[in-house]
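Chemist: Sequence first, predicted model second:
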Amino acid sequence: CHPGNMPEDALLKYAHDPMVRILACGGDGTCGWIFSSLDKVWSTVLGQKSSKSRVHLSKYKDHLPLAIMPLGTGNDLSRQFGWGGTFKSHMKDKSMITAVQTSKSSSLDRWRCIIMPVKTLTEEDKQFIPKVLMESYHDAGHVEEVEEDYSRRTTVDVLQTLLEDDDSTKKSLSRRKSQKELMRMSEPSTQIFDGVFCNYFSLGFDAKVVYLFHKEREMHPEKFTSPLKNKMVYVQKSPYALKAPKLRKNAKVLVNNEKGQLVNLKIPKSCRAIILMNIQSYAGGNRLTSNGDSSDSLIEVIFVSNAIRLASCAMKPTMPFLLFRVAAQTNNVCIRTRCPLHCQVDGEPWLQGEGVIQVKFHSRNSILEKIKDNTSCGCMGDSTEDTVIT
């Protein structure tokens, strides 16, 4: 795409029309790209960024909703809203357009992820990290005005603890071994990351499996010719993830409690992965917990200690005793990592160097949920001929 020919350029002229619906043909990455384009559309329509100019707080909250034709790998967002996990031949027919026209309007929270590596920052720069995290947190409008001054002071103090004990923690022998192992595999990222995701964020052994899977696919694409073969490679890579470091001594987690105060969330001793879930479909349709909603402004924090149990969640239907306990439901998570760790956002993995990570509520977008055949949502009257689908 070139300037003037981007999705936001085409969508802007339909922003005021409540009858227009979008059909995204692709996977989770395509949906995220379109949602990012919609951010630019609403920024233009609503003006400068502020807590009062977010689309879900405006009269346009139901405009330009997104339907999905699943053409990706995991298609978790498509699964979540009933569009299916794989492409089917009937989706090329008019029935797909009809399904978009008759689908019902729903909502999807989106989350901003900020990662600031501490290795490449000067000591002076590090002192600004709590202030940066605090400013981005207040931009989301979470804190009541009456308590804002007190909350800001106490929150900055708590965030400051993320930078403490650097020297003592670096002396851990097990951590040095983990760092050497990771360094042999790839050079960890030391770049600042600021992005938005829809589905989930994780760090630890599950992200390592995805990372190894992607590396294998890049080197040997001939092994990945069918969904079944893809799963076989995924299973083959799973044992390597058991070498991922335990996180209790390698990370610290802070979350907002019900009062909006940042508190420490204790990491279990044997924890090897931390997953932040926004929707109830994970890594190609796996259900990890019965908690949560995709439009409640809260994200579920899950600590994973057992790799076999995580893999068992792929069983259909998921057995209740295999579901994970949610450690917290919150609108703001801050994580301090003290060694290189694998991370992933919506199935896109990388190796991240030591740093500070914040995940916070970003916005809520309109999305379409497919309804069963021969039924109607009733929101568009008896005729759907005037619906515009882009």
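Modeler: The structure has been received and is ready for your questions.

Chemist: Ramachandran angles for Arg21?
Modeler: Backbone torsions for Arg21, taken as degrees, to the nearest 10, come to phi -130, psi 150.

Chemist: Which strand residues bridge it?
Modeler: Under the criterion DSSP bridges, Arg21 forms beta bridges with Ile389.

Chemist: how far away is it from Ile68?
Modeler: Between Arg21 and Ile68 the distance is 11 Å, computed by Cβ to Cβ, to the nearest Å. Just so you know, the C-beta spots here come from the backbone N, C-alpha and C atoms, and that holds for glycine as well.

Chemist: So which of those two has more stuff around it?
Modeler: Ile68 (29 against 24; other Cβ atoms under 10 Å).

Chemist: what's near enough to touch that one?
Modeler: Going by Cβ atoms under 8 Å, 6 or more residues apart in numbering, Ile68 touches Leu23, Ala24, Cys31, Asn75, Leu77, Ser78, Phe81, Trp83.

Chemist: Provide the secondary structure category for the fifth one.
Modeler: Right, the one you point to is Leu77. helix (DSSP: H, G, I helix; E, B strand; the rest coil).

Chemist: Count the neighbours of it for me.
Modeler: 29.

Chemist: Surely it touches Cys198?
Modeler: Yes: judged on Cβ atoms under 8 Å, Leu77 makes contact with Cys198 at a distance of 5.8 Å.

Chemist: overlap in contacts of these two?
Modeler: Joint contacts of Leu77 and Cys198 (Cβ under 8 Å, 6+ apart) are Asp28, Cys31, Leu108, Ile279.

Chemist: Now the helix or strand where the third one lies - C-alpha only, PDB.
Modeler: It stands for Leu108. Here Leu108 sits within strand 104-117, counting by DSSP states H and E. Coordinates of each C-alpha in strand 104-117 appear next as PDB, following Å, rounded to 0.1, in the frame of the first residue of the first chain:
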ATOM      1  CA  LYS A 104     -24.900  -9.000  15.300                       C
ATOM      2  CA  SER A 105     -22.900  -6.100  16.700                       C
ATOM      3  CA  SER A 106     -20.500  -6.900  19.500                       C
ATOM      4  CA  SER A 107     -17.400  -5.200  21.100                       C
ATOM      5  CA  LEU A 108     -13.700  -6.100  21.400                       C
ATOM      6  CA  ASP A 109     -11.200  -4.500  23.900                       C
ATOM      7  CA  ARG A 110      -7.800  -3.800  22.500                       C
ATOM      8  CA  TRP A 111      -4.700  -3.500  24.600                       C
ATOM      9  CA  ARG A 112      -1.600  -1.400  24.400                       C
ATOM     10  CA  CYS A 113       1.800  -3.100  25.000                       C
ATOM     11  CA  ILE A 114       4.900  -0.900  25.800                       C
ATOM     12  CA  ILE A 115       8.300  -2.600  26.300                       C
ATOM     13  CA  MET A 116      11.300  -0.600  27.400                       C
ATOM     14  CA  PRO A 117      14.600  -2.500  27.500                       C
END
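
Chemist: In it, which residues are buried?
Modeler: Within strand 104-117, the residues that count as buried by 16 or more other Cβ atoms under 10 Å are 104-117.

Chemist: Equivalent analysis for stretch 226-243, please.
Modeler: By neighbour count on 16+ other Cβ under 10 Å, the buried set for stretch 226-243 is Asn230, Val233, Tyr234, Lys237, Ser238, Ala241.

Chemist: which outside residues touch it?
Modeler: 73, 86, 181, 205-206, 208-209, 212-213, 216-217, 223-224, 272, 307, 311.

Chemist: ok, of the residues you listed, which one's closest to Asn331?
Modeler: Asn331 has its nearest neighbour among the contacts of stretch 226-243 in Asp206, at 23.1 Å by Cβ to Cβ.

Chemist: Give me the distance from the helix or strand harbouring that closest one to the chain's centre.
Modeler: When elements are assigned from DSSP H and E, Asp206 belongs to helix 205-219. Mean-position distance between helix 205-219 and its chain equals 18 Å (Cα atoms, centre = their mean, to the nearest Å).

Chemist: Heading C-terminal from it, find the next helix or strand.
Modeler: The helix or strand immediately downstream of helix 205-219 is helix 227-237, counting by DSSP H and E.

Chemist: Can you list the neighbours in contact with whichever helix or strand comes after that next one?
Modeler: Next helix or strand after helix 227-237 toward the C-terminus (DSSP H and E): strand 251-256. For strand 251-256, contacts defined as Cβ under 8 Å, 6+ apart pick out 142, 158-159, 161-162, 203, 262-265, 267, 274, 301, 328, 330-338, 341.

Chemist: Only whichever of those residues are buried, select them in PyMOL.
Modeler: A single PyMOL command is used to select the members of the contacts of strand 251-256 judged buried by 16+ other Cβ under 10 Å:
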select buried, resi 142+158+159+162+203+262+265+267+274+301+328+330+331+332+333+334+335+336+337+338+341
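
Chemist: Restricted to strands, list the contacts of strand 251-256.
Modeler: Cross-referencing the contacts of strand 251-256 against strands under DSSP state E gives 203, 262-265, 274, 301, 328, 330, 332-337, 341.

Chemist: of these, closest to Leu247?
Modeler: For those, the residue nearest Leu247 by Cβ to Cβ is Ile274; the value is 6.4 Å.

Chemist: dump the residue contacts of that closest one.
Modeler: Contacts of Ile274 (Cβ under 8 Å, 6+ apart): Ser202, Leu203, Gly204, Leu247, Ala251, Val253, Ile267, Val301, Ile302, Phe303, Val304, Ile335.
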